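Enquirer: Build me a model:
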Amino acid sequence: MASLRFTDLQSRPMEFLDFTSVTLDEFQQLVPPFEAAFQARMAAWRMDGKPRTARRFTVYKNCPLPTPEDRLFFLLTYLKTYALQVVQGRLFGMGQSKANQWIHVLLPALLSALRALRDAPARSLTALAQRLGVSEADAATVVAPLEEESSPMGAIPAAAPASPLLPMMAPNGVSSAPKTLLNRRSVIVARKRTIR
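Expert: Residues are numbered from 1 along each chain as shown. Just a heads-up that it's a prediction; the model follows:
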């Protein structure tokens with residue numbers, strides 16, 4: 001299986017930006033803390049998500065993501081394109097199950113690296129205000145235009161939690177599709193007449 005590598009796009013900065021949404025300089029700044037977080041995670045956990053008890057993590061010669069750059073490139077490409085895992089695996093020379101494992105191992109490492117760099121996304125108005133160094137009222141004015149933009153898309157139900165950072169997210173309404181009752185002995189679906 002042919003696979004995509006960091007070195008394939010390293011010499012094409014615009015294409016690299018299209019794949020990852022970061023420049024090569026930003027990528028190079030992110031690699032060391034990402035690899036440190038990845039190694040720390042792999043020291044405690046195995047690829048299958050179970051605690052590590054015996055051998056330490058080593059990169060084998062047939063590893064689909066052998067270098068720190070390849071691992072970060074794989075994850076940033078997945079986050080940018082949000083391809084199906086089977087497609088992501090195919091791009092990087094592995095099956096869907098291995099792509100799933102790598103995604104679930106690398107995502108926490110990326111979040112840890114972003115937290116170490118103090119670049120992790122703010123998840124509350126208080127955290128945003130603290131990051132910007134302003135009061136919560138001033139931070140709310142930064143987020144408020146997003147709420148006005150979302151109103152033409154549809155009104156947010158009153159029961160939805162008021163999260164200023166995610167104004168367009170709301171619980172799904174009740175489906176208008178008819179419900180099929182599966183706890184009966186026989187299920188009749190869309191039959192207009194009986195055929196004998």
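Enquirer: Show the backbone phi and psi for residue 45.
Expert: phi -130, psi 150 (degrees, to the nearest 10).
Enquirer: how close does it sit to residue 56?
Expert: Distance, residue 45 to residue 56, using C-beta to C-beta, to the nearest Å: 12 Å. Glycine gets a C-beta too; all of them are placed from N, C-alpha and C.
Enquirer: same check, this time on residue 47
Expert: 13 Å.
Enquirer: so which helix or strand takes in the spatially most central residue of the chain?
Expert: Centroid check for the chain by C-alpha atoms, centre = their mean gives residue 79 as the closest residue, at 5.2 Å. Assigned by DSSP states H and E, residue 79 falls within helix 68-81.
Enquirer: helices or strands next to the helix or strand following that helix in the packing?
Expert: Once helix 68-81 ends, the next helix or strand along the chain (criterion: DSSP H and E) is helix 85-91. On a contact count with 3 or more C-beta pairs under 8 Å, 6 or more residues apart in numbering; DSSP states H and E, helix 85-91 meets helix 68-81, helix 96-116.
Enquirer: which of those sits most buried?
Expert: helix 68-81 (a mean of 20; mean count of other C-beta atoms under 10 Å).
Enquirer: re earlier: of residue 47 and residue 56, give the one with the bigger neighbour count.
Expert: Legend: neighbour count by other C-beta atoms under 10 Å for residue 47 and residue 56, higher for residue 47 (13 against 8).
Enquirer: Next, the contact list for that one, please.
Expert: 101-102, 105 (C-beta atoms under 8 Å, 6 or more residues apart in numbering).
Enquirer: 6 Å - rerun?
Expert: 101, 105 (C-beta atoms under 6 Å, 6 or more residues apart in numbering).
Enquirer: ok so it is a helix residue?
Expert: No - counting by DSSP: H, G, I helix; E, B strand; the rest coil, residue 47 is located in no helix; its state is coil.
Enquirer: any idea how far residue 21 is from it?
Expert: As judged by C-beta to C-beta, residue 47 and residue 21 stand 26 Å apart.
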